[in-house]
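Engineer: The amino acid sequence is not available; the structure is as follows:
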């Protein structure tokens, strides 16, 4: 009999695209990190990266309803895979480009994870275990 493994575990969370809900994403990430060998410093780095990725996708000027459709949402997916943790943060609509803010957020993300990928309305983060 093989020992149990945590590989393939996935957590999905959908929250309003508002800064006060980013804490839920950080808590979900911390919970999944408990299943990994990551140390406290790596977990703190990942929590910072997920905060920056989420904030990078939010439009600070928009309320829950921007008058052009349904409420804006952020989707978070945290997946534990063989040898790495994959995090995807996705917005239902891309935010307006604010270059200087994005440069700082992306610099923080790049300093705290092993791989990253940016799309117009999503960010993918990878941390090796």
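Structural biologist: Noted; the coordinates are in hand. The model shown is predicted, which means the values in this text are computed figures rather than measured ones.
Engineer: How far off centre is the longest helix that the chain contains?
Structural biologist: In the chain, with assignment by DSSP state H, the single longest helix is helix 40-57. On the basis of CA atoms, centre = their mean, to the nearest Å, helix 40-57 sits 7 Å off its chain's mean C-alpha point.
Engineer: Give me the contact list for it.
Structural biologist: If you take CB atoms under 8 Å, 6 or more residues apart in numbering as the criterion, helix 40-57 is touched by 17, 19, 22, 25-26, 29-30, 33, 38, 74, 76, 85, 87, 89-91, 94-95, 101-102, 105-106, 108-109, 112-113, 116, 121-123, 125, 127. Just so you know, the C-beta spots here come from the backbone N, C-alpha and C atoms, and that holds for glycine as well.
Engineer: Narrow those to those in helices?
Structural biologist: 22, 25-26, 29-30, 33, 101-102, 105-106, 108-109, 112.
Engineer: Just name the lowest-scoring one in those, pLDDT-wise.
Structural biologist: Among those, residue 101 carries the lowest pLDDT, at 67.
Engineer: can I assume residue 87 is in contact with residue 76?
Structural biologist: Yes - taking contacts as CB atoms under 8 Å, residue 87 lies within contact range of residue 76: 7.4 Å.
Engineer: wait, isn't residue 19 in contact with residue 74?
Structural biologist: No - counting by CB under 8 Å, residue 19 does not reach residue 74; the two are 10.4 Å apart.
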